[in-house]
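Participant: I'd like to go over a predicted model; first the sequence, then the structure.
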Amino acid sequence: MDAAVIEMVEVGPRDGLQNEKTLIDTTAKLALIERAIAAGSRRIEVTSFVNPRAVPQMADAEAVCAGLPERDDVTYIGLVMNARGTDRALATGRIDQLGAVAVATDTFAMANQGQTSDGSVEISRAIIAQAQAAGRTGQATIAAAFGCPFEGEVSEDRVVQMACALATAGPVEVALADTIGVANPAHVSRLVGRVAAAIAPIPVRVHFHNTRGTGLANVWSAVEAGARTVDASLGGLGGCPFAPGAAGNVATEDVVYMLERAGIATGLDLAKLIAANNWLADVMQRQLPGMVAKAPLFPRVAEGRT
Ligand code: ZN
């Protein structure tokens, strides 16, 4: 491992909230984004431009964009699935980067976005091209890269092949997503290593859910295998409609604690993340899954220092 710095992407406002049954209002979403920025986040997945009937929680995508803080140093990411979503995202004038999603299996691709796996790769490539034509950037995520809720095991060769096809469109990175939280560290090490070698110099981002308690171990394994960017959600919010009862994304503050304690800089402020977790727990009216915020701060900050 040679990474002294890992970039974090805050996905709480989108992946964290999208399956919450109680509608979170736009003001609270913007407050979450402001707290993430104050804690040091410089890449934030702020919303998705999808059918509001399918994902009611994201129906205020345009309103969220209109309220985003004017920051030249923050990259705002909008998730899109098709040309209509791309047009909506670009029309806001506030989305810096389009996030496209390709799905590793046909059955999941059909259920999630009504297309084949190959079709999802082609649409992702088109989304990245449209982003570039509009003077923005694009990124691609391979969903269900480590396992599918319908088809079970996913071929590693298939994921490497998809990553190569996506890389030719020139995304800022290709992400491997454990959408349903079934990955294990050995699998992560193998697949991140293979994909990183196959698409270099384009970097690898990873996206893990802690559904079965392997989230942090998978992050560590991915970083050791050469991933450069890690998605995480404040408080560990976030589920998946195809993984009922699932825990959420890996918690931003837990990942930051682990990496920073191991000497890997993230640019994020742990104390501010913990404060943001406490604020978000109030908004959600429940304790959040993240662990670090429930424990005493360690090491303790000396008196008089900030
Ligand atoms: Zn996710």
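Facilitator: Happy to help now that I have it.
Participant: And the helix or strand hosting Val283, what's buried?
Facilitator: Assigned by DSSP states H and E, Val283 falls within helix 270-284. For helix 270-284, the neighbour count (16 or more other Cβ atoms under 10 Å) marks Leu270, Lys272, Leu273, Ile274, Ala275, Ala276, Asn277, Trp279, Leu280, Ala281, Val283, Met284 as buried. All C-beta spots, glycine's among them, are computed from the backbone N, C-alpha and C.
Participant: List the contacts of the fifth one.
Facilitator: So the one you mean is Ala275. By Cβ atoms under 8 Å, 6 or more residues apart in numbering, the residues touching Ala275 are Arg35.
Participant: tell me the secondary structure for Ala100?
Facilitator: Here Ala100 is recorded as strand under DSSP: H, G, I helix; E, B strand; the rest coil.
Participant: Which stretches in the stretch 1-150 of the chain count as helices?
Facilitator: Under the criterion DSSP state H, counting those that start in this stretch, the stretch 1-150 of the chain contains helices at 26-38, 61-66, 83-92, 106-113, 117-133.
Participant: list the helices and strands the fourth one packs on?
Facilitator: In terms of contacts (3 or more Cβ pairs under 8 Å, 6 or more residues apart in numbering; DSSP states H and E), helix 106-113 is packed against strand 97-103, helix 117-133.
Participant: so which one among the buried residues of helix 270-284 has the lowest pLDDT?
Facilitator: Minimum pLDDT for the buried residues of helix 270-284 is recorded at Met284 (91).
Participant: any idea how far Ala129 is from it?
Facilitator: Shown here: Met284 relative to Ala129, a distance of 38 Å by Cβ to Cβ, to the nearest Å.
Participant: Go ahead and name everything in contact with the lowest-mean-pLDDT helix or strand in the chain.
Facilitator: Every helix and strand in the chain was compared by mean pLDDT, DSSP states H and E; the lowest is helix 106-113, with a mean of 92. Residues outside helix 106-113 that contact it (Cβ under 8 Å, 6+ apart): 81-82, 101-103, 115-117, 119-120, 143-144, 148-151, 179, 242.
Participant: pLDDT score for Arg305?
Facilitator: At Arg305, pLDDT is 52.
Participant: Run a quick neighbour tally on Ala183.
Facilitator: By other Cβ atoms under 10 Å, the residues close to Ala183 number 27.
Participant: ignore the last one, Thr22
Facilitator: By other Cβ under 10 Å, 10 other residues sit near Thr22.
Participant: now do Ser221
Facilitator: Look at Ser221: counted by other Cβ under 10 Å, it has 24 neighbours.
Participant: and it, helix, strand or coil?
Facilitator: Under three-state DSSP, the three-state class of Ser221 is helix.
Participant: so how far is Gly290 from it?
Facilitator: In this view, Ser221 and Gly290 are 20 Å apart by Cβ to Cβ.
Participant: Buried residues, the least confident helix or strand of the chain. List them.
Facilitator: Along helix 106-113, these residues count as buried under the neighbour rule (16+ other Cβ under 10 Å): Asp106, Phe108, Ala109, Met110, Asn112, Gln113.
Participant: Pull the number of nearby residues for the nearest residue to Asp178 once chain neighbours are set aside.
Facilitator: Distance criterion Cβ to Cβ, 6 or more residues apart in numbering; nearest residue to Asp178, sequence neighbours excluded, is Phe146 at 4.4 Å. Residues lying near Phe146 (other Cβ under 10 Å) number 27.
Participant: Give me the neighbour count for the nearest residue to Asn210 once chain neighbours are set aside.
Facilitator: Once flanking residues are discounted, Asn210 sits nearest to Ala247: 4.7 Å by Cβ to Cβ, 6+ apart. Number of residues near Ala247 (other Cβ under 10 Å) recorded here: 20.
Participant: Contacts only, for Ala247.
Facilitator: Per Cβ under 8 Å, 6+ apart, neighbours of Ala247: Gly181, His209, Asn210, Thr211, Gly213, Gly215, Gly236, Gly239, Pro289.
Participant: now swap in Gly248 and tell me
Facilitator: Taking Cβ under 8 Å, 6+ apart as the test, what Gly248 contacts is Gly16, His209, Asn210, Ser233, Gly235, Gly236, Leu237, Gly238, Gly239, Pro289.
Participant: cutoff 6 Å now
Facilitator: Contact analysis of Gly248 by Cβ atoms under 6 Å, 6 or more residues apart in numbering lists Ser233, Gly236, Leu237, Gly238, Gly239, Pro289.
Participant: So for those residues, which is the shakiest by pLDDT?
Facilitator: The pLDDT minimum for the contacts of Gly248 sits at Gly239, where the score is 68.
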